[in-house]
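K.L.:
A structural model of the following input is requested.
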Amino acid sequence: MRSVVNDHEMPYFKTNDGCSIYFETCDLESSKPVIIFLNGTMQDTLYWRSCANSLKERFSLLLYDARAQGQSDPGNRKLSLQCHASDLNALADHLNIQKAHLVGISHGARVAIAYTTDFPDRVDRVVLCSIGAKPTCRSSLILKSWLEILKTSGLEAMAWASLPVAFGENFLKQKERILPDIVKSIVKRNREDSLIAHLESVASYPPLSKIVRNFKPCLVLSGSDDPLVSEEEAKELAILCSGQHKSFIGAGHSLPAEAPELFAESLLDFLL
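P.N.:
Residues are numbered from 1 along each chain as shown. Down below sits the predicted model:
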């Protein structure tokens, strides 16, 4: 049984080009404000379940897999931030969501920025996790190495290579015994061809510093032990968005998984 109840018999939405987008909702018919969760690379809706369950009494929720993620198809369009923003706008139309808070992590935070820029009237507040104003040399090389490992050695090898980047030292120590299970989960929820297309598209994304405009009240969250995003770049993004910045000490890139209680508390403090 899903911990987030789906209000629809068919949890797929077809875009204009025929791409199937998987989604889950909770209590959309109520008058509660809506939160839309946006996945990071290699994630699917399952990533948000714990956080969603802690928030569902106060908010209506939408969880979805972006094009080429999880249970969604890659489709025939070239992947881009504008493509993802357009898909989300069409899905919001389909579900009659007029306005929502956005909570995005990593790649999902990029999509949240693109959506807010392109459709500002549909966004209330924005929470951007594990993202900076522009990629560092290290983060660009990490993504390139993942793509090469994926192409040459396959999805499981790439999943193992991602662990020390996706999680902080504290989390890795605590979860050392179940790391093989985490790898299996990554492999299960990803398709090699879709992930290749995703990573190749990310490499061509413009720096967020060049596209941020029309911004809403914003909270930028980062981890002090994140090799992909420096605190300096996270703070710079918050300044560009005229927002707030908060650092999670000892956490890595996967803030909702590594510090779930602090993450939920931070959302409630900002969104209520």
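K.L.:
which residues are contacting the longest helix along the chain?
P.N.:
Under DSSP state H, the helix in the chain containing the largest number of residues is helix 137-153. Applying Cβ atoms under 8 Å, 6 or more residues apart in numbering, the contact partners of helix 137-153 are 157-158, 161-162, 165, 192, 195-196, 199-200, 202-203, 227-229. Quick note: C-beta positions are derived from backbone N, CA and C, even for glycine.
K.L.:
and Ile36, what element?
P.N.:
strand 34-38 (DSSP states H and E).
K.L.:
need the mean per-residue confidence for the helix or strand that that strand is followed by.
P.N.:
Following strand 34-38 in sequence order, the next helix or strand is helix 49-55 (DSSP H and E). Regarding helix 49-55, the rounded mean pLDDT is 94.
K.L.:
now the element after helix 49-55, going C-ward?
P.N.:
strand 60-64.
K.L.:
just the angle for that next one relative to strand 34-38, thanks.
P.N.:
Relative orientation of strand 60-64 versus strand 34-38 (axes from the mean of the first three to the mean of the last three Cα atoms, to 10 degrees): 20 degrees.
K.L.:
for strand 60-64, the distance to its chain's centre please.
P.N.:
In this view, strand 60-64 has its centroid 12 Å away from the chain centroid, taken as Cα atoms, centre = their mean, to the nearest Å.
K.L.:
which residues are in contact with it?
P.N.:
Contact with strand 60-64 is made by 4, 21-28, 30, 32-39, 45, 48-49, 52, 55, 72, 88, 91-92, 95, 97, 100, as judged by Cβ under 8 Å, 6+ apart.
K.L.:
in it, which residues are buried?
P.N.:
60-64 (16 or more other Cβ atoms under 10 Å).
K.L.:
quick one: contacts for Phe171?
P.N.:
By Cβ under 8 Å, 6+ apart, the contact list for Phe171 reads 251-252, 254, 257-258.
K.L.:
quick check: next helix or strand after the helix or strand containing it?
P.N.:
Applying DSSP H and E as the criterion places Phe171 in helix 169-174. Of the helices and strands lying after helix 169-174 in sequence (DSSP H and E), the nearest is helix 179-189.
K.L.:
helices or strands up against the very next helix or strand once past that following helix?
P.N.:
Counting by DSSP H and E, the next helix or strand C-terminal to helix 179-189 is helix 192-202. For helix 192-202, the packing partners by 3 or more Cβ pairs under 8 Å, 6 or more residues apart in numbering; DSSP states H and E come out as helix 137-153, helix 155-166.
K.L.:
for the ones you listed, which one ends up most surrounded?
P.N.:
Of all the helices and strands packed on helix 192-202, helix 155-166 has the most neighbours on average by mean count of other Cβ atoms under 10 Å, namely a mean of 19.
K.L.:
what lies in contact with that one?
P.N.:
Residues outside helix 155-166 that contact it (Cβ under 8 Å, 6+ apart) are 42, 142, 145-146, 149-150, 172, 179, 182-183, 186-187, 190, 192, 195, 227-228, 252-254.
K.L.:
next one: stretch 263-272
P.N.:
33, 35, 51, 54-55, 58-59, 101, 103, 125, 127, 129, 217, 219, 221, 244, 246, 248, 255-256.
K.L.:
so which strand or helix has Phe13?
P.N.:
According to DSSP H and E, Phe13 maps onto strand 12-14.
K.L.:
quick revisit: how distant is the helix holding Phe171 from the center of its chain?
P.N.:
Offset of helix 169-174 from its chain centre (Cα atoms, centre = their mean): 21 Å.
K.L.:
show me what counts as buried in it.
P.N.:
Buried, per 16+ other Cβ under 10 Å, within helix 169-174: 170-172.
K.L.:
just to revisit the earlier point, mind checking which of the helices and strands packed on helix 192-202 is nearest Ala114?
P.N.:
Comparing the helices and strands packed on helix 192-202 against Ala114 with Cβ to Cβ, the closest turns out to be helix 137-153 (17.9 Å).
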